[in-house]
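Asker: next come a sequence and a model predicted from it.
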Amino acid sequence: MQHTSHSRSVRRGAGAASLAVAAALLLSACGGGDSSSSDKADKVPGADTGTKAAAPSASASGDGIKRPKVVLPKGVSNVFEGGKTGDPKQDAVLADNARNLDAINAAITTDAKKLTPALQFYNKGDALTAALAFIQGFYDDGRSYVGTTRYYNRKVTPLKGGAVALTYCQDATKTYPKDRKTGKVTHSPGSADDYAFFNERLEKNDKGVWQSTSVISGAGADKCAG
């Protein structure tokens, strides 16, 4: 991901969030500061992956899995295109990825401490460390965001051993930085810097949840804009 000070390209990962790129890369690209990824992760409540998640709510997905409740605040939304492929496995991967991105963005814009169980539910290993570090960067900088993030061109590719690769684009041209203390929102026109391309690895755990294990991101203007 390109290093930039452009005000509109520093809102989330995950993205969040989640999403969730190699921590050093995320923090460099998104203004999270100069602290190391391990230092950032240590600051986030529940960053220790041994922390137990709070009791999850009943799933509304119909798959019988009880999932943590995630609610985005007023003025913040995610749009996921191409959620139904007709293939049950691919649809499940896309659905859990969408839930993970919701959790990352909710942690940025509401309460990271309360959302840590959801982040642990949908991420593990390097992806969890990166997501926590990325989110902490927003708190350290005293900022949040408002607006709508669009995720599209989402493609699932099977890998050996049962894992999958998921590539997708992010369009943040309709999101705007918000000062966490004053609540002031900075509006500015979108640019090529507001597009990102993600390549993510997911593995299905024993609960049937597709967890993110690693994510690589890059500037998405060439692949995603338009």
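Answerer: Sure, I can see it. Numbers count the residues shown, from 1 in each chain.

Asker: use CA for all of it now, contacts and neighbours both
Answerer: Noted.

Asker: show me what the one helix or strand Ala131 maps to is packed up against.
Answerer: Per DSSP states H and E, Ala131 falls inside helix 125-140. Here helix 125-140 touches helix 23-29, helix 37-43, helix 88-109, helix 112-122, strand 210-219, going by 3 or more CA pairs under 8 Å, 6 or more residues apart in numbering; DSSP states H and E.

Asker: pLDDT averaged over it - what is it?
Answerer: Mean pLDDT, helix 125-140: 94.

Asker: quick one on the thing from earlier: weakest of the helices and strands packed on helix 125-140 in terms of mean pLDDT?
Answerer: That would be helix 23-29, which, of all the helices and strands packed on helix 125-140, carries the lowest mean pLDDT at a mean of 33.

Asker: mind listing what's buried in the host helix or strand of Tyr145?
Answerer: Using DSSP H and E, Tyr145 sits in strand 143-158. Neighbour counts over strand 143-158 (16 or more other CA atoms under 10 Å) mark 143-152, 154-156 as buried.

Asker: now do stretch 82-99
Answerer: 83, 90-99.

Asker: which strands or helices does the helix or strand hosting Leu202 pack on?
Answerer: Using DSSP H and E, Leu202 sits in strand 195-204. Applying 3+ CA pairs under 8 Å, 6+ apart, one finds that strand 195-204 contacts strand 164-179, strand 210-219, helix 221-224.

Asker: what is the rounded mean pLDDT of that strand?
Answerer: 95.

Asker: what are the buried residues along stretch 96-113?
Answerer: For stretch 96-113, by 16+ other CA under 10 Å, it's 96-109, 112.

Asker: right, I mislabeled it, should have said stretch 196-209
Answerer: For stretch 196-209, burial by neighbour count (16+ other CA under 10 Å) applies to 196-204, 209.

Asker: show me what it is in contact with.
Answerer: The contact list for stretch 196-209, computed with CA atoms under 8 Å, 6 or more residues apart in numbering, reads 1, 65, 93, 96, 121-122, 162-171, 210-221, 223-224.

Asker: are any of those residues buried, and which?
Answerer: 1, 93, 96, 121-122, 163-171, 210-221, 224.

Asker: not counting its neighbours along the chain, what's nearest Trp210?
Answerer: Ranked by CA to CA, 6 or more residues apart in numbering and with sequence neighbours excluded, the top spatial neighbour of Trp210 is Lys204, at 4.3 Å.

Asker: can you lay out the helices and strands packed on helix 125-140 as CSV showing distance to Ser188?
Answerer: Putting the helices and strands packed on helix 125-140 into CSV (distance: least, CA to CA, whole Å) gives the following:
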stretch, distance to Ser188
helix 23-29, 19
helix 37-43, 29
helix 88-109, 19
helix 112-122, 26
strand 210-219, 19
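
Asker: of all those, which one is nearest Leu132?
Answerer: Leu132 lies closest, by CA to CA, to one member of those: helix 37-43, at 5.4 Å.
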